[in-house]
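Chemist: sharing a sequence plus its predicted fold:
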Amino acid sequence: MNALLGQFLTEGRDLLAVADDSLLRLERDPADSGAVNELFRAFHTLKGGSALFDLPAFTALVHAGEDVLDAVRAGRTPATSDLADRLLAVTAQCARWMNALEAAGRLPADAADTSRTLAADLRGHAAGDADMAGTGLPDIDWLRELSAEERRSLGGATLTAVTYDPDPDCFFNGDDPLELCRSIPELRLLRIEPAGPWPPVAEIDPYRCVLRFRALSAAGADAVRAVFRSAPNDVRIITVRLPEAPDADGPPAVRLARAMLREQARILTLDGDAEEVAARRAAALRAAGAILAALGRHAERKALEAADAEPADALAARFMAYADAAPLRPGPDEGSPPAAARTQRRTLRVEPERIDRLMALLGELVTVKGALPRLARDAGDGNLGVGGTGDGGALAHGIKETAARLDAVTAELQHAVLTLRLVPLARIFEPLPRLIREASRRLGKQVELRLDGSETEADKDVLDTLGEPLLHLVRNALDHGIEDPERRRGLGKPETGTIGVSARQERDGIVVSVSDDGAGIDPAALRRKAVERGLAEAGAVAAMTDAEALRLVFLPGLSTAADVSDLSGRGVGMDAVASAVHAAGGRVEIDSAPGHGTTVRLLLPLTTMVTRVLVVEAADQLYGLPVASVTGMSRVPAADIRRVKHAESILFRGAVVPLFRLRRLLGMDDSAHLGRGDAAAVAVLDIGGQAAALAVDRVRERADVIVRPMAGVLSRLRAYRGTAVLADGRLLLVLDPRELL
Amino acid sequence: MPIRFEERKAVFDGDCTLEEAMTLAEWLETGPAAADLSACTGLHTALLQLLLAGGVRLDAPPADPFLARWVAPLLPTGR
């Protein structure tokens, strides 16, 4: 897939989300003109974007949508629930097409027919309601036929578009359309074209106007309208905002490359002593070479290598020239990802400020690095102190100072890189209102959705894993939680049920909760069903507290509703939710009161890159346990460990918890370790809802680490999530408790 | 005289109005033609559409900025 199409898909999906949101708002309040305008803009921009590619079916469909919305905007067509339905069908179709484009690079074969049917639906609707069938809606097709060059010079600006189809007899009224166009203030574009096919010159009637005019002006609509006072009926004047020319500065990768080249140029011209300057120069040359190589500009890279003796100013100018040169082509890795990548969004949008911050930090890093050659030379020369004390104090001081600066910069850099990946949760909240609307209609239920905390940010990868489970939980709440209106009335509840989805950030991660005020889950029914389906022993479920029994809902193969509905049954169940959340390093909590509702909380790490671990020790080796799965710590006297055959257990917060010994699990000698008088250090873990205690030699500090997955042969050791390096340089093996136990 | 007809060339001078349209149309019927717009400051729509319909070659581009920018590119140039 080319980068331009990728960008269209990313932005297109955002626009569809905006459109859906506005449609729902419009349906609630048909007088919401802000929603109409947003909706119109979304369709309009989609149309412009799709026109850059050869997608006539897509363009025609959104064009039809735009026309209808224009009629709504002008008050010619009322905004009804029925219209919203048709428009939602259009956005849903567009979303499907975008997925097809991403997977196959083209629209499905039936796209043209689908487009015609949906467009006819829309048009029929507009004509029927507006009682103005036949007048036809003004055509601004020509706007999307602008050439790439015209877009580049005009894109992003708010302009007044003039569609002028002069009356053929206008010459008799003294009108001269071309001269009228000459007086359009701030004319940016004028297209003169025949209104129909040219007749042979012998047959042409010189007194009939056969030309039409399309113009764009940077002046306001009123100023332009004044020009056409004499021909108000032949002209359509609207304010348009042309979409930013997509290739104005290249795709994001190219933009970043440009910024980096400019930054390298800046670094080249920084002041400093000769050593520092030389070090910076070498680094900048290497960096620029790498950037050019990544862009596939090998000829320029060669030229740069040949020019490495140039003075700094000349080099800097050369870098700037490379940065400004057009076209900058993205490297081959911008090419098509395999179709198997499915519908996951692979692009990440980053605010320019965050990139700027990275660039600034990179500059600082290079500056700090510049101090190292001098220190190395001092150490090599035996020049141990500037003051001649000869005890190495000054050198040591210099090294320490440099190390401290390096520390500060790398810490900031790490933070800056992590924040690059943070995305607001609004993205996964977007589909929910539409889901609720459609599903509640289908089920004949009345539901109000309350969204809270959509501005909370989380790592992109965490969000990607969270999307599906969240949809499922909301569907579940609607399907199995909220009761029919009659039933609710009978129970003395308000007829309209409430589903709340909220997100907030906590110290160790984010918490997303889905709650409803519906029927709740009956633990007794869960117990019964688990036994019926052979998922648990009768004795075991009887011994469970209600809270524990509720967690049975996460067992694969257990569905709580009496029958499977088309909405939330089949395939994915709560077990899929739980395993997706576990895969992202989080956990699930459930809380339910029969008759009053259910709350499911997903606790997720803020980022998958930095994991907070509890460092423990066993047989002189350090291990890390993800803090997300640790629910408690305790010291248990050896005498309090119960033994039944080989199985050990302890009492923790009033519950019996099985005990495992880390030494034994890892196949190490445990015999001499724990005497009878000692106390065992125990970490209590949450393993998919079950508590388990892990005996270790010693519990140490908590630490934020970057977990690197095991490579090569070691990757098959599933008990380990990966390795990490602690701040003091010691190696840590990070355990995966679920696989370990 | 705003339009001066030479051999196969029409030379437009100053503000050329609707009044010239019939003359131009008749002249165009007689064969392929070229236009010199260098001194043209105003071109009536009727004249423009005749030039376009007749496939008239542009011999000398207009000095007038509006015509040079938006009209001249519509006419074929060269031999």
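Modeler: Nice, I can see it.

Chemist: partner residues bridging the most centrally placed residue in chain B?
Modeler: The residue lying closest to the centre of chain B (Cα atoms, centre = their mean) is residue B:35, at 4.7 Å. Counting by DSSP bridges, residue B:35 is bridged to residue B:10, residue B:58.

Chemist: so which bits of chain B are right by chain A?
Modeler: B:18, B:21-22, B:24-25, B:28-29, B:42-46, B:48-50, B:52-54, B:66, B:69-71, B:74 (Cβ under 8 Å from any Cβ of the partner chain). From N, CA and C alone the C-beta is placed, and that goes for glycine too.

Chemist: residue 47: helix or strand, and which one exactly?
Modeler: Assuming you mean chain A. Residue A:47 is located in helix A:33-50, with elements delineated by DSSP states H and E.

Chemist: chain B was what I was after
Modeler: Using DSSP H and E, the element containing residue B:47 is helix B:45-53.

Chemist: so what's residue B:69 up against?
Modeler: Contacts for residue B:69 (Cβ atoms under 8 Å, 6 or more residues apart in numbering or on different chains) come out as residue A:190.

Chemist: let me fix that: residue A:40
Modeler: A:66, A:69, A:70, A:72, A:73.

Chemist: sort out for me which of those are in helices.
Modeler: Among the contacts of residue A:40, the residues falling in helices (DSSP state H) are A:66, A:69, A:70, A:72, A:73.

Chemist: how near is the last one to residue A:511?
Modeler: To tie it back to what came earlier, the one meant is residue A:73. Using Cβ to Cβ, to the nearest Å, residue A:73 is found at 41 Å from residue A:511.

Chemist: mind listing the helices for chain B?
Modeler: Under DSSP H, chain B gives helices at B:21-28, B:45-53, B:65-66.

Chemist: what about the last one, distance to the chain center?
Modeler: So the one you mean is helix B:65-66. Centroid separation for helix B:65-66 versus its chain: 15 Å, with Cα atoms, centre = their mean, to the nearest Å.

Chemist: could I get the average pLDDT for that helix?
Modeler: Confidence for helix B:65-66, expressed as mean pLDDT, is 91.

Chemist: list the contacts of that helix.
Modeler: With Cβ under 8 Å, 6+ apart, helix B:65-66 has contacts from residue A:182.

Chemist: can you find the residue of the stretch 451-600 of chain A that comes nearest to chain B?
Modeler: With Cβ to the nearest Cβ as the measure, residue A:460 is the residue of the stretch 451-600 of chain A nearest to chain B, at 47.5 Å.

Chemist: show me which residues of chain A sit near chain B.
Modeler: So far as Cβ under 8 Å from any Cβ goes, chain A lies against chain B at A:166, A:171, A:176-179, A:181-182, A:187, A:190, A:192, A:194, A:198-199, A:201-202, A:204, A:206-207, A:209-211.

Chemist: now do the helices in the stretch 201-350 of chain A.
Modeler: A:221-227, A:252-268, A:274-294, A:298-306, A:312-324 (DSSP state H, counting those that start in this stretch).

Chemist: for chain B, give me its nearest residue in the stretch 401-550 of chain A.
Modeler: residue A:430 (44.2 Å).

Chemist: one step back: output the contacting helices and strands for the helix holding residue B:47.
Modeler: helix A:177-182, strand A:187-194, strand A:211-217, helix B:21-28 (3 or more Cβ pairs under 8 Å, 6 or more residues apart in numbering or on different chains; DSSP states H and E).

Chemist: in JSON lines, list those along with mean pLDDT.
Modeler: Listed next are the helices and strands packed on helix B:45-53 as JSON lines, based on pLDDT from 0 to 100:
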{"stretch": "helix A:177-182", "mean pLDDT": "92"}
{"stretch": "strand A:187-194", "mean pLDDT": "88"}
{"stretch": "strand A:211-217", "mean pLDDT": "91"}
{"stretch": "helix B:21-28", "mean pLDDT": "88"}
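
Chemist: care to break chain A down by domain?
Modeler: Using automatic domain parsing, the domains assigned to chain A come out as A:3-137, A:144-241, A:350-420, A:424-521+A:560-605, A:610-740.

Chemist: dump the ones you listed to a markdown table, plus distance to residue A:271.
Modeler: A markdown table is the format used below for the domains of chain A (distance: least, Cβ to Cβ, whole Å):
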| stretch | distance to residue A:271 |
| --- | --- |
| domain A:3-137 | 38 |
| domain A:144-241 | 38 |
| domain A:350-420 | 10 |
| domain A:424-521+A:560-605 | 38 |
| domain A:610-740 | 34 |
